[in-house]
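Asker: just need the structure, nothing else, for what follows:
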Amino acid sequence: MTKKEKRDLRINQEKEYLLDPEYVAAKKKKRKKKLALTIVIELIAVAALIVAAFQIVRAVGKKSLTSKAEEAAPDLNLVRASETLTEEEETKWQEGWVKYNGSIYAYNEDVRTFLFMGIDKKSDVKEVEEGTKGGQADALFLAVMNPHDKTLKIVGINRNTMADVDIYNDSGAYVTTQKAQIAVQHGFGNGVEESCEYQKKAVSRLFYGLPIHGYAAINMSAISTINDAVGGVDVTVLDDLTKYDSSLKKDAKVHLMGEAAFWYVKARDVNVFGSADMRLARQKQYLNAYVQAAKSAAKKDITVALDLYQAVVPQMVTDISADEVAYLAPILVDYSFDENSFYMMQGETVMGDEFEEFYPDEDALYEMILNIFYEPVEQ
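Answerer: Take a look at the predicted model:
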């Protein structure tokens, strides 16, 4: 438009306003409504694109998790021979079934099991030289999703559990396997993926070859970030931890935030016998409350899981991708979880030659595996 055309348009608009100001006002109002409608339509379109993108990411995550599923099942025959079968049971028997106390069980191939490790390091993740500098797994938990009954279960593993640990030399070559505290397994390797794979193998072996579909090793320094992302957690303090934080008085009801959460989950006095057991009890209490807080936060904003994932990336090693998290988060919101959903390995802690040693009750472990990972076979 030329300068003359612009000038003529402005003169005509002024004339129009002088001759019929009501018409001009109505015209402006109509134009504003049209603009507002256009903006609303554009916002709806953007929102639809975001939702579509999120659904695409979730679909990719679902496909990825499905591809990780393994057909293998725990070999409980390593623990005990199967009970005597009836003639009818023999004709229907399938590989992998287990008979216990007169009932037959089959491994639930639809469960998804994830290993979470708390590594005793206070810095961002970095690769280290081969040897024993990878950091010990001071916290070990299995999270088990069962889509059949829509439940989430957590299994706490004592860090001093005596298990088969693979030993590697400073060149990264395998040397031997020996009984040791399971937490030391992560120390071997490069401190990142290699160490995690070693730890995953040790835990799977402890549970007689249990398939583990993903892992996340998180340095303990990330506890505060993880805690605060869901708005903090309420607990009744189980032990006197005032030497670490003045608010952590025994029996006090506190809302854990920041450093207080870190000390509540991490602290233990190695000079006190059974301190690892005491800390594991606190971790169980804390995780029970944390899961509820996380579910509540996710119901308000489902993206909180992805935000948390991105926030802890510098302090985490994981084979669980962001799209897998996007797929799992909305599902977990509807999964049931309460204090009865948390399982602790039963056994005995004794003093070894130098360090505490926890020996699992094999019968109790057998029954726990059946309870969580198996289902009765209908006769």
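
Asker: residues of stretch 199-210 that come out buried?
Answerer: Neighbour counts over stretch 199-210 (16 or more other CB atoms under 10 Å) mark 199-200, 202-208, 210 as buried. From N, CA and C alone the C-beta is placed, and that goes for glycine too.

Asker: same question for stretch 98-116.
Answerer: Result for stretch 98-116 [16+ other CB under 10 Å]: buried residues 98-99, 104-105, 107-108, 111-116.

Asker: from the residues you listed, which land in strands?
Answerer: If you go by DSSP state E, those have 98-99, 104-105, 107, 112-116 in strands.

Asker: which of the buried residues of stretch 98-116 sits closest to Asp363?
Answerer: Distance to Asp363, by CB to CB, is smallest for Val98 among the buried residues of stretch 98-116, at 13.9 Å.

Asker: what's near enough to touch that closest one?
Answerer: Residues near Val98 by CB atoms under 8 Å, 6 or more residues apart in numbering: 76-77, 82, 104-106, 370, 374.

Asker: ok, now how distant is it from Ile369?
Answerer: In this view, Val98 and Ile369 are 9 Å apart by CB to CB, to the nearest Å.

Asker: joint contacts of those two?
Answerer: Residues touching both Val98 and Ile369 (CB under 8 Å, 6+ apart): Leu76.

Asker: returning to what we had before: adding pLDDT and distance to Phe141, write the buried residues of stretch 98-116 out as CSV.
Answerer: Below are those laid out as CSV (pLDDT from 0 to 100; distance: CB to CB, whole Å):
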residue, pLDDT, distance to Phe141
Val98, 89, 25
Lys99, 89, 30
Ile104, 90, 30
Tyr105, 92, 24
Tyr107, 94, 21
Asn108, 94, 19
Val111, 93, 15
Arg112, 92, 14
Thr113, 95, 11
Phe114, 95, 9
Leu115, 96, 8
Phe116, 95, 5
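
Asker: closest to Phe342 among those residues?
Answerer: Nearest to Phe342, judged by CB to CB, of those is Phe116 at 13.1 Å.

Asker: that closest one and Glu90: what is the separation?
Answerer: From Phe116 across to Glu90, the span is 41 Å (CB to CB).

Asker: element containing the residue nearest to Gly189 when sequence neighbours are not counted?
Answerer: Spatial nearest neighbour of Gly189, excluding adjacent residues (CB to CB, 6 or more residues apart in numbering): Ser195 at 3.6 Å. Element membership of Ser195, judged by DSSP states H and E, is helix 193-206.

Asker: any idea of the mean pLDDT for that helix?
Answerer: The pLDDT scores in helix 193-206 average 96.

Asker: number of nearby residues for Gly274?
Answerer: By other CB atoms under 10 Å, 15 other residues sit near Gly274.

Asker: contacts only, for it.
Answerer: Residues counted as contacts of Gly274 (CB under 8 Å, 6+ apart) are 349, 356.

Asker: I'd assumed Asn108 was in contact with Met145.
Answerer: No - using CB atoms under 8 Å, Met145 makes no contact with Asn108, being 10.6 Å away.

Asker: ok, the ones in strands among the buried residues of stretch 98-116 vs Ile182, which is closest?
Answerer: Leu115 (11.4 Å).

Asker: just checking, Asp240 is part of a strand?
Answerer: No - counting by DSSP: H, G, I helix; E, B strand; the rest coil, Asp240 falls outside a strand, being coil.

Asker: for Ile226, grab phi and psi.
Answerer: Main-chain dihedrals, Ile226, degrees, to the nearest 10: phi -60, psi -40.

Asker: OK, contacts around it?
Answerer: For Ile226, the contact set (CB under 8 Å, 6+ apart) comprises 218, 308, 312.

Asker: in the sheet, who's paired with the first one?
Answerer: Bridge pairing for Ile218 (DSSP bridges) gives the partners Gly118, Met316.

Asker: so who does it touch?
Answerer: Ile218 touches 116-119, 226, 312, 315-316, counting by CB under 8 Å, 6+ apart.

Asker: starting at the chain centroid, how far to the helix or strand hosting Asn227?
Answerer: Per DSSP H and E, Asn227 falls inside helix 223-228. Centroid separation for helix 223-228 versus its chain: 13 Å, with CA atoms, centre = their mean, to the nearest Å.

Asker: pLDDT of it, averaged?
Answerer: Rounded mean pLDDT across helix 223-228 is 93.

Asker: cool, and stretch 262-269?
Answerer: Mean pLDDT, computed over stretch 262-269, is 92.

Asker: contacts for it, please.
Answerer: Residues outside stretch 262-269 that contact it (CB under 8 Å, 6+ apart): 118, 138-139, 220-221, 223-224, 227, 235, 237, 241, 244-245, 248, 256, 275-276, 278-279, 282-283, 286.

Asker: mind listing what's buried in that stretch?
Answerer: 262-268.

Asker: out of the residues you listed, which are inside helices?
Answerer: Counting by DSSP state H, those place 262-266 in helices.

Asker: go through the residues you listed and name the one nearest Asn169.
Answerer: For those, the nearest to Asn169 is Lys266 (30.4 Å; CB to CB).

Asker: give me the distance between the closest one and Tyr198.
Answerer: 22 Å.

Asker: kindly report the same for Lys179.
Answerer: 16 Å.

Asker: the more surrounded of the two?
Answerer: Using other CB under 10 Å, the more surrounded residue of Lys179 and Tyr198 is Tyr198, with 21 against 11.

Asker: quick check: the gap between that one and Leu152.
Answerer: Going from Tyr198 to Leu152 by CB to CB gives 26 Å.

Asker: one more: Gln185?
Answerer: From Gln185 to Leu152 the distance is 25 Å (CB to CB).
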